[in-house]
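K.L.:
3D model of this:
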Amino acid sequence: MSSRSNRSLARKLAAAACAAALCVAAALGAGGCSQVQSQLGMVAATEPQIEQTSTLSAGTVIQDGILTVGINGSNSPYGGTNASGEVIGFDVDMAASLAGKLGCKLRIVDVGADGKTAVADGTVDVALSAKKTGASKDLSYSDAYINDGLS
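P.N.:
This next block holds a predicted model:
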């Protein structure tokens, strides 16, 4: 494949990723979550202001107003860190949108590929992953929030 084809494919993937992120944010009705706390410290998270479309309840999962979300921090473009050490990726954006919708702060924890265990043992409130790995009678799964052909 030529470098021109690679650039074209990269642009198409980037456009699709941006469109998916906007659809996710619109579907969730992103709120004003101002900070994301990661294992590396506090980093800024910018959220689009989108009209709320439904009501979510945090129930008893969230403690002290912090939603703890597990991601695979070495699974780019879904989760990782940039050169400045900021937590970035589709899963991070989704988590920030969800926390904003719930009106709470966000703590990101790198659980690697072991999100199910992290949820089951209470390490995190929610685990986000690009891939559903098998069924579980003890955990609930959402519908897929991204269909990128990579996962």
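
K.L.:
pLDDT-wise, which helix or strand of this structure ranks last?
P.N.:
Ranking every helix and strand in the chain by mean pLDDT, DSSP states H and E puts strand 41-44 at the bottom, with a mean of 42.

K.L.:
moving C-terminal of it, what's the next helix or strand?
P.N.:
Downstream of strand 41-44, the first helix or strand assigned by DSSP states H and E is strand 66-71.

K.L.:
quick one: contacts of that following strand?
P.N.:
Residues outside strand 66-71 that contact it (Cβ atoms under 8 Å, 6 or more residues apart in numbering): 37, 58, 61, 78-79, 89, 91-92, 95, 98-99, 102, 104-111, 115, 118-119, 123-129. C-beta coordinates here come from the backbone N, C-alpha and C atoms, glycine included.

K.L.:
From those residues, which land in strands?
P.N.:
Gln37, Lys105, Leu106, Arg107, Ile108, Val109, Asp110, Val126, Ala127 (DSSP state E).

K.L.:
Return the set of residues that bridge with the fifth one.
P.N.:
Here Ile108 shows beta-bridge partners Val69, assigned using DSSP bridges.

K.L.:
Surely it touches Ala95?
P.N.:
Yes - using Cβ atoms under 8 Å, Ile108 is in contact with Ala95, at 6.4 Å.

K.L.:
wait, doesn't Leu98 sit right on Val126?
P.N.:
Yes - contact status for Leu98 versus Val126: in contact at 7.4 Å, counting by Cβ under 8 Å.

K.L.:
Which one of those two is surrounded by more residues?
P.N.:
With neighbours defined as other Cβ atoms under 10 Å, Leu98 and Val126 compare such that Leu98 has more, 23 against 19.

K.L.:
so what pLDDT did the more buried one get?
P.N.:
With respect to pLDDT, Leu98 has a value of 88.

K.L.:
what about Val109, how many residues close to it?
P.N.:
Count around Val109 with other Cβ under 10 Å applied: 18.

K.L.:
Also Thr117?
P.N.:
14.

K.L.:
Buried among the contacts of strand 66-71? Make that a ChimeraX selection.
P.N.:
In ChimeraX syntax, the buried subset of those is picked out as below (16 or more other Cβ atoms under 10 Å):
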select :37,78,79,89,91,92,95,98,99,102,104,105,106,107,108,109,110,111,115,118,119,124,125,126,127,128,129
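
K.L.:
Under the pLDDT cut-off, which ranges of this protein? List them.
P.N.:
1-62, 131-135, 150-151 (pLDDT under 70).
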